Structure formats: C-alpha cells, structure tokens
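Participant: I'll drop the sequence and a predicted model, then ask my questions.
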Amino acid sequence: RLGGTRPIEVDVRIIAATNADLGKMMERGEFLRDLYDRLSFAELELPPLRKRREDIPALIEFFIHQLHQEIPNLEHKQFTASAITELQAYHWPGNIRQLKNTIERLYFYDEDGIIHASELPLEITSVDPIRGNFYEKVRAYEKNLLLNALKDADGNQRAAAETLGMTYDQFRHFYRKYNLEEFLV
C-alpha cells in the first residue's frame, strides 16, 4: 500500500502482448534485455488472423457470446454463409481487435436478425488494394457498386438498376455474373 511500512505478500502474473519485434528492439537498445528476460517466461507466438482464416467463424461465435454475456436481452442474430466467407477472405490488418469491432458494429446496426454479405463494410468486400490485378480490382468495384445499389433499394433489382443508370437487363447480367443472390440471402 502507498505509504505503508509493512511488507504485503502478493502473487502476480503479467500477460503482455506486442506486435513489435522485441529482438530487434533489444539490438537497437530500444527495449531492456533484463526486462525481456523477466517477462518472457512463456512466450506464445500467434500468427496474424490473415494466416489462420479458419479461426474466424469460431471467433465470430465467441464475440457474439461475449456480447450476450454483457447485454443479456440482446436479440440473437446470425451471419449468412456468404457473409462469413467474405469475412474469411479479408486480410484483417487490425487483426483480432478489428474483427471484434467489425462484428460488434454489424451486430448492433443490423435490423432484421440476419447479417448478409451486402451489409459488410466496403473495405471488407473489396479486393485487397495491395493484392489483385487490375481486372480483379475492377470486378470487386463493380460488385460493390451493385451490392450497395441493391442494399439502398432494399433488394429491388429494378430500382437498383435505375439508381445505377442501367437497364434492368444490364443489371441482371451483372447480377448473374457476380452471383449476387448468395450475398443477399
């Protein structure tokens, strides 16, 4: 205790996480070797989320379970298979924190109890700007334009076509080309 004179015995465990390369930091004198030796009793190296995409469905379930623990009367919602597929395809530069925040945001803003791929943020359904050639990026852009128009038109394909300045037949061509029905289920 602050200002106390009697020693108090404590039993403490420290769990710390970093995405910094502590080895290089120690070489440059930016991290104390002594502190590292004291903290590194049991190191656990966890690959980034983009290298273990198969964990994403279980993590989604875990985050949903946590939400229901924190807010017991929260309506139960589910993700469509296509939404989960899109979430697994994303590169998650912010790792677990970004996934958790995305899941919570989708869960709170969803109104019908089912979270569709078309409701995912544009950054997730787009091709990774670092990867993909010109044609893949154009396809992703077209797909997102169509999905957003459909979402704004509450799934009405004629209204979505009109919004985009296309005929219904042109819209249907792209709808089939990108297999959009799986994103709206």
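Facilitator: In hand now; what should we look at?

Participant: when you work out contacts or count neighbours from here on, use the C-alpha atoms and nothing else.
Facilitator: Will do.

Participant: which residues touch residue 53?
Facilitator: Neighbour list for residue 53: 88-89 [criterion: C-alpha atoms under 8 Å, 6 or more residues apart in numbering].

Participant: read off the pLDDT value for it.
Facilitator: pLDDT recorded at residue 53 is 91.

Participant: so how far is residue 92 from it?
Facilitator: Computed as C-alpha to C-alpha, to the nearest Å, the residue 53 to residue 92 distance reads 10 Å.

Participant: how about residue 101?
Facilitator: For residue 101 relative to residue 92 (C-alpha to C-alpha), the value is 11 Å.

Participant: who has more neighbours out of the two?
Facilitator: residue 92 (19 against 13; other C-alpha atoms under 10 Å).

Participant: that one and residue 98 touch, don't they?
Facilitator: Yes: counting by C-alpha atoms under 8 Å, residue 98 is a contact partner of residue 92 at 6.8 Å.

Participant: hang on, residue 74 in a helix?
Facilitator: No: counting by DSSP: H, G, I helix; E, B strand; the rest coil, residue 74 is not part of a helix but coil.

Participant: give me the nearest residue to it, chain neighbours excluded.
Facilitator: Closest residue to residue 74 apart from its sequence neighbours, by C-alpha to C-alpha, 6 or more residues apart in numbering: residue 68 at 6.2 Å.

Participant: burial measure for the one you found, as a count.
Facilitator: Residue 68 has 14 neighbouring residues, counting by other C-alpha under 10 Å.

Participant: quick check: phi and psi at it.
Facilitator: In this entry, residue 68 is assigned phi and psi values of phi -70, psi -30 (degrees, to the nearest 10).
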